[in-house]
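Enquirer: take a look and give me a structure for this.
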Amino acid sequence: NYKQAIQNLKEAERILRENHEDEFDKRIIVTYGNYAWVYYHMGQLTEAQSYLDRLERICEKFPDASRYSAMIPEVYGEKGWSLLSSAAQYYEEAKECFQKALEEDPDNVEWNDGYAIVLSRLETFSGTPEKCESTQSMKQFRRVLELDPDHGEAMVLLALKLQEFNQIEEALELVEKAL
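Expert: Below is the predicted model:
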């Protein structure tokens, strides 16, 4: 449904403006590309071109950018979140996006959190050995908490993982701290 897609993009743009005003141009690249794609498929070529023009103006600011895209950590991270919120078939690609974002910006809490979440979901699908004491996602959630000790979502998600491995005491401590 194209109209719903446009509504979702408007909501994403609003959230980016509110939460990332200082780096809005870096973060809006993926959203503007999605607008252009949706308008193109709706046959609204003037609207599609207006978003391509916006992309071009933004990408001029980045020396290594192409005409309509800049492969910067914010683009990889935003793409990772988009893929993560889609369907399970995109989780591997989301993982790769977060990895690329973290190569350039290893201390970014948001990209570390996304990476931990996608690892956790991939582990759920692949199954983890029962005798395992720690998983990649658990290590990554700990990394998020190292960067932001008050990150409630990471605490709860790590607690759920710990519970899977019968590490109940630490799981309860994390949940209590998150509350």
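Enquirer: which helix or strand in the protein has the lowest average pLDDT?
Expert: Using mean pLDDT, DSSP states H and E, the weakest-scoring helix or strand in the chain turns out to be helix 73-84, at a mean of 89.
Enquirer: show residues contacting it.
Expert: 23, 26-27, 29-31, 34, 69, 90-91, 93-95, 97-98, 100-102, 104-105, 108, 110-111, 114-115, 117-118, 121 (CB atoms under 8 Å, 6 or more residues apart in numbering). C-beta: built from backbone N, CA, C; applies to glycine.
Enquirer: restrict that helix to CA atoms and write it as CSV.
Expert: Once non-C-alpha atoms are left out, helix 73-84 reads as follows in CSV (Å, rounded to 0.1, in the frame of the first residue of the first chain):
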residue,chain,number,x,y,z
PRO,A,73,27.7,5.2,9.3
GLU,A,74,24.4,7.0,9.6
VAL,A,75,23.2,5.5,6.3
TYR,A,76,24.3,2.0,7.2
GLY,A,77,22.7,2.3,10.6
GLU,A,78,19.4,3.7,9.4
LYS,A,79,19.3,1.0,6.7
GLY,A,80,20.0,-1.6,9.4
TRP,A,81,17.1,-0.4,11.5
SER,A,82,14.8,-0.3,8.4
LEU,A,83,15.8,-3.9,7.5
LEU,A,84,15.5,-5.0,11.1
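Enquirer: what's downstream of that helix, the next helix or strand?
Expert: helix 91-104 (DSSP states H and E).
Enquirer: specify the angle between the helix or strand just after that following helix and helix 91-104 in degrees.
Expert: Toward the C-terminus, helix 91-104 is succeeded by helix 109-126 as the next helix or strand (DSSP H and E). Taking axes from the mean of the first three to the mean of the last three CA atoms, to 10 degrees, helix 109-126 and helix 91-104 form an angle of 150 degrees between their directions.
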